[in-house]
Structures are given as C-alpha cells and as structure tokens.
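# the following block contains a protein sequence and its predicted model.
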Amino acid sequence: MKSILDICQEVADLAAVKRPESLFSANSMSDIIFLSVAKSTLDSLLRYGDWPELTKEAILQTNSSQQNYWLEDICPDFYSLLPNTIYIKDMSEKVIGAINPEKWMKSKYLSDDAGVVKFKLQNNCLKFLNLPAEPVKIVFQYRSNIICMSSKTFQEKSELTSDTDIPVFDYYLVKLGILWRWLKRSGMDYAEEYAEYESEVKKKFSASVVSEDIPLSEYCIDNLNGGVKINVKVIH
C-alpha cells in the first residue's frame, strides 16, 4: 500500500518537478499545492458515490420514549445514508424507508396506521413518527466519511494528517486525481489527464457496483417459436 506522500512523489515524477519531501512540513509552494490537491482529490472521491470501501453497517436500539436520534451519535463517521437499507431486526425482518413531507403529514394527521414504523431524515437526524410499543433493533447501511488510514495503527481518518496516511480509495484513481489537479493549479494544460481520470473513475465505480442475479424463475412459454423465454431470450 502506498502512502499519500508516495503517490504525490510519483505524480511529481510524471509532472517532471521536484519531489515533495513532506506534505505536512512543506518547504515550498509546490509542496503546499501537493497537499491541497491531495485533500481535494480524496474529498471528491468521497462525494462521488457509494463506494464499497466506504459502506458500513450501524445498529440503533430504539427507546420507546425517544423519537429523535442523531446519526452522528450512532455512527461518528457518518456521511450519508444508503437508500433502502434500513431494517427492523426482529423475527420477521422488514425494510422501512424515509417518507417525503407530504406522506409524513398525511400519516401524522389523516391516517391511522399506528403499527407501522415510519421516519424521516432531517438535519442528519432520524425522526420517528411512531415507534413500536417495545424497543426494537434497527440496522442500516451508510456511507462513511473515512478517506484514509494510518499506516502504523490502521486508525481510520476522515482527513489527512500525516505523510504516511494511506488512502482508502484505489491508488491509481488517487494518483490521476492529484495529477490533473496539480497541473491545473500550476497553470498547465490538464485536459488529457482530466479526461483519463474521469474515465477511470467511472469504470472503477461501475465495476464496484454489484450486479443483480438474473431471475431465472421469471419465464414464459413461447408457443409460437417453441421453447422457454428467460429475459426475452428463447432457449430451445
């Protein structure tokens, strides 16, 4: 695994400039720029999407007398909630989801569905409209704000603090991201490097998304051509 300083030094070789000796004890404007674009690159990748590297699971044990829960109290490294991943962990596991303001008002003032657990997300807080009579265990997945790890203690970090910190993202993506940003900040042409970075990020992110299983149980008999149709392909 390569540290953030190692990556910046490789970028310096590609840009044909002096290698930074330290990002956090910078002795030149060039070194300061390297640290700045490194932070910007990791922050941009964090916001790009729900990377598997950032996906975590959290557990909330509800209290029958409490309706509001700060997400940062449940998971200090919380960045964003993954949609459709909230479960009530009981004998018959079921999914619940955030409702929009219109449904919230209808449920609160017009409907009588006391047995249904509903919530909304507001200001990084889970606000329950109603709770079961007994406390329940709720499990959900979220995107962590962790962008790097300490190379010595493996401590997760939400920001770079040391030359030896190791990014959690793909090394090549980080390298390309730092390269085009450094060229831009230095007033050089960066169009080709930026295009390559964008292409590689999209390919890497698409490859990280788990594909759904093909539903072989969904078929129909093709009486005209003979055989069975599975996903509109005829099998003879």
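Received, thanks.
# quick one, phi psi at the residue most central in space within the chain?
Central residue check for the chain by CA atoms, centre = their mean: the C-alpha nearest the mean position is that of D50, 3.0 Å away. Main-chain dihedrals, D50, degrees, to the nearest 10: phi -90, psi 80.
# ditto for E193
Here E193 shows phi and psi, under degrees, to the nearest 10, equal to phi -70, psi -40.
# so what's it up against?
The contact partners of E193, taken as CB atoms under 8 Å, 6 or more residues apart in numbering, are L176, L179, W180, L183. (Glycine included, C-beta is placed from N, CA and C.)
# now do the closest residue to W51 other than its chain neighbours against A38, distance only.
Using CB to CB, 6 or more residues apart in numbering and skipping the chain neighbours, the partner closest in space to W51 is S208 (6.2 Å). Between S208 and A38 the computed distance is 22 Å (CB to CB, to the nearest Å).
# who has more neighbours out of the two?
A38 (26 against 14; other CB atoms under 10 Å).
# element containing the more buried one?
Assigned by DSSP states H and E, A38 belongs to helix 29-48.
# list of residues touching that helix?
Residues contacting helix 29-48 (CB under 8 Å, 6+ apart): 4, 7-8, 11-12, 17-18, 20-24, 26, 51, 54, 79, 145, 147-148, 159-160, 167, 169, 173-174, 177-178, 181-182, 185-186, 201, 205.
# let's see it at 7 Å
Around helix 29-48, the neighbours that count as contacts under CB atoms under 7 Å, 6 or more residues apart in numbering are 4, 8, 17-18, 20, 23, 26, 79, 145, 147-148, 160, 167, 169, 173-174, 177-178, 181-182, 185-186, 201, 205.
# for it, buried residues please.
Neighbour counts over helix 29-48 (16 or more other CB atoms under 10 Å) mark 30-31, 33-39, 41-42, 45-46 as buried.
# show me the protein divided up by domain.
Domain ranges of the chain: 4-43+169-208, 52-144, per automatic domain parsing.
# what's the neighbour count on R143?
20.
# what kind of secondary structure is it in?
strand (DSSP: H, G, I helix; E, B strand; the rest coil).
# so what pairs up with it in the strands?
Judged by DSSP bridges, the bridge partners of R143 are T55, S80.
# and the pLDDT at the spatially closest residue to N27 that is not a sequence neighbour?
Leaving aside its sequence neighbours, N27 sits nearest to E21 (CB to CB, 6+ apart; 7.0 Å). pLDDT recorded at E21 is 92.
# would E21 count as being in a strand?
No: counting by three-state DSSP, E21 is not part of a strand but coil.
# so what does it have for phi and psi?
Dihedral angles of E21 (phi, psi; degrees, to the nearest 10) stand at phi -90, psi -30.
# quick check: it vs C8, distance?
10 Å.
# neighbour count: those two, which is higher?
Shown here are E21 and C8; by other CB under 10 Å, C8 has more neighbours (26 against 13).
# isn't the more buried one right up against I178?
Yes: using CB atoms under 7 Å, C8 is in contact with I178, at 6.2 Å.
# quick one: neighbours of K118, just the number.
Count around K118 with other CB under 10 Å applied: 19.
# per-residue pLDDT, it?
73.
# what does A38 give?
97.
# same question for E10.
Note on E10: pLDDT of 97.
# pass me the low-pLDDT residue ranges in this structure, would you?
Applying pLDDT under 70 to the chain flags residues 89-116, 132-133, 209-236.
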